[in-house]
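Chemist: Build me a model:
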Amino acid sequence: MPTIAQRVQQHGTTIFSEINALAQQHDTINLGQGRPDFDGPTEIIEATVEALRSGLANQYPPGLGISDLRQAISAHAQRRYGLSVNPDDGIIVTCGASEGIFSAIMGIVNPGDEVILIEPYFDIYLPAIEWAGGIPVYVPMYPPEWRYDPEELRSAFGPRTRAIILNTPHNPTGRVLKRDELQLIAELCQEHDVIAISDEVYEHLTYEEAKHIPIATLPGMAERTLTISSAAKTYSFTGWKVGWVMGDPSLITGAWRIHQNVTFAINHPAQVGIAHALRMPEDYYTNLRHDYAQKREHLLATLQSSGFKSFAPEGAFYIMADFTGLHDGDANDFTRFLITEIGVACIPPATFFSPEHRHLARQWVRFAFCKRDDVLQSASDRLTRLQELRRPAHDR
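Modeler: This next block holds a predicted model:
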């Protein structure tokens with residue numbers, strides 16, 4: 001009987017699909033998936049609608065992406081980070097950051113190459129490494145501060161190391177890697193001639209004193225870094241799936257050759273809209289951070305008053321919460337309990353670790369606060385039931 005290929009047999013349904021399906025079966029407020037439940041700025045939508053009506057954006061765009069968007073991406077990198085990227089041969093517009101990451105990995109990793117993964121890692125990284133024939137080498141970040149051990153990182157580099165995948169601001173922990181942490185990675189990359197693949201989709205979402213530093217801006221790293229970002233998180237248009245990869249043309253070539261044989265071209269009108277988005281005034285980003293900071297404080301206060309041990313994330317829009325004392329099972333058990341009994345969905349991040357390190361997240365779950373204020377309040381009302389459920393029966 002015909003069967004599917006061996007390469008996909010071990011990678012089943014993602015945890016997001018499983019949790020979303022379970023949440024839909026119950027009267028659940030879904031704080032699991034990092035998908036805003038509100039639209040981005042109207043003017044971006046209007047720019048996209050105008051592109052649809054113009055008659056100039058309804059056919060295939062250039063495979064690399066329309067020139068206006070690539071120029072806008074280049075100008076954004078220069079304006080915010082002082083990073084010079086050639087829009088003609090240093091940028092590819094991709095089907096979201098996910099396809100950008102896949103194309104970057106497939107374009108540079110050879111069979112037998114080792115690729116360092118800092119755990120917890122976003123779940124799409126591992127399949128791409130394995131399908132490229134690469135060998136993952138895991139370096140965990142440790143709770144509750146979610147920092148890696150410098151010596152463990154150093155020992156992960158070796159003669160077969162081809163790449164390291166970074167994600168900062170980090171999903172799911174909310175960590176924003178500091179300059180000294182990035183500097184060590186940069187030094188090791190140069191010492192071992194390693195490429196950095198840097199996932200920076202949350203680049204505009206940092207709080208208080210945290211500051212996003214692209215590793216490509218560090219000395220000696222521009223020529224050995226592929227930077228991936230997207231419009232999804234910054235402008236709240238996750239359904240448009242417009243992302244990009246940028247870097248030195250010598251590395252971009254590999255990603256381009258994968259991209260042109262996977263999707264070839266990306267939604268043309270949406271590219272016009274995102275080119276407009278990237279030229280938004282600085283006030284937009286200031287207000288975005290302010291609004292998310294308030295949502296962060298709202299959910300953080302809810303979790304702490306409901307009995308979780310949780311810590312304010314430095315970036316992105318997730319909170320990692322320790323449920324010790326609220327439930328006796330592991331994160332998978334607790335997630336299902338929270339959905340079926342409390343009516344709130346979260347994500348068990350243990351699936352973002354290797355089996356060897358999965359125990360580090362046994363008592364942790366991830367909540368997303370990229371939701372309307374009324375939705376966060378409804379979730380808060382439900383989560384307070386956790387205190388009632390854990391009280392002794394004679395005290396109820």
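
Chemist: So which residues of the stretch 1-150 of the chain form strands?
Modeler: Here the stretch 1-150 of the chain has its strands, by DSSP state E, counting those that start in this stretch, at 29-30, 91-95, 114-119, 135-142, 147-148.

Chemist: out of the ones you listed, deepest packed?
Modeler: The highest average neighbour count among the strands of the stretch 1-150 of the chain, using mean count of other C-beta atoms under 10 Å, belongs to strand 91-95 at a mean of 27. Yep, even glycine has a C-beta here, placed from its N, CA and C like the rest.

Chemist: Please write out the alpha-carbon positions of it in PDB.
Modeler: Listed in PDB are the C-alpha atoms of strand 91-95, where the atom choice follows Å, rounded to 0.1, in the frame of the first residue of the first chain:
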ATOM      1  CA  ILE A  91      16.400  40.800  -0.100                       C
ATOM      2  CA  ILE A  92      13.800  38.200  -0.900                       C
ATOM      3  CA  VAL A  93      10.100  38.700  -0.200                       C
ATOM      4  CA  THR A  94       8.700  35.400   1.100                       C
ATOM      5  CA  CYS A  95       5.400  33.800   2.100                       C
END
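
Chemist: Now that strand: average pLDDT?
Modeler: Averaging the model's pLDDT scores along strand 91-95 yields 98.

Chemist: Each with direction, which strands does that strand pair with?
Modeler: Within its sheet, strand 91-95 is paired with strand 242-247 (antiparallel), according to DSSP bridges.

Chemist: Run through who's touching the next helix or strand after the strand it pairs with.
Modeler: Downstream of strand 242-247, the first helix or strand assigned by DSSP states H and E is helix 249-259. If you take C-beta atoms under 8 Å, 6 or more residues apart in numbering as the criterion, helix 249-259 is touched by 63-64, 86, 89-92, 94, 99-100, 102-104, 106-108, 195, 223-226, 245-246.

Chemist: Now list the buried members of those.
Modeler: 64, 90-92, 94, 99-100, 102-104, 106-108, 195, 224-226, 245-246 (16 or more other C-beta atoms under 10 Å).

Chemist: in this protein, which helix has the most residues?
Modeler: Taking residue count as the measure and DSSP state H as the definition, the longest helix of the chain comes out as helix 282-305.

Chemist: And the contacts of that helix?
Modeler: The set of residues that contact helix 282-305 without belonging to it, under C-beta under 8 Å, 6+ apart, is 31, 41, 204-208, 234, 310, 312-313, 317, 319, 321, 367, 369-371, 373, 376-377, 379-380, 383-384, 387.

Chemist: What is the subsequent helix or strand relative to that helix?
Modeler: Using DSSP H and E, the helix or strand that follows helix 282-305 towards the C-terminus is strand 309-310.

Chemist: So what's the residue count around the residue lying closest to residue 22 once chain neighbours are set aside?
Modeler: Using C-beta to C-beta, 6 or more residues apart in numbering and skipping the chain neighbours, the partner closest in space to residue 22 is residue 339 (5.5 Å). Counted with other C-beta atoms under 10 Å, the neighbours of residue 339 add up to 23.

Chemist: hang on, residue 339 in a helix?
Modeler: Yes. Secondary structure assignment places residue 339 in a helix (DSSP: H, G, I helix; E, B strand; the rest coil).

Chemist: show me the contacts for it.
Modeler: Residues 19, 22-23, 26, 28, 345 are the ones in contact with residue 339 under the rule C-beta under 8 Å, 6+ apart.

Chemist: and of those, the nearest to residue 150?
Modeler: Closest to residue 150 out of the contacts of residue 339 is residue 19 (33.9 Å), distances taken as C-beta to C-beta.

Chemist: wouldn't residue 164 be in contact with residue 196 here?
Modeler: Yes. Under the criterion of C-beta atoms under 8 Å, residue 164 makes contact with residue 196 at 5.6 Å.

Chemist: Need the residues touching each of those two.
Modeler: 185, 189.

Chemist: check contacts around residue 376.
Modeler: For residue 376, the contacting residues are 295, 298-299, 302, 369, taking C-beta under 8 Å, 6+ apart as the criterion.

Chemist: Determine which two of the residues you listed are furthest apart.
Modeler: Pairwise distances among the contacts of residue 376 were taken by C-beta to C-beta; the largest, 10.8 Å, belongs to 295 and 302.
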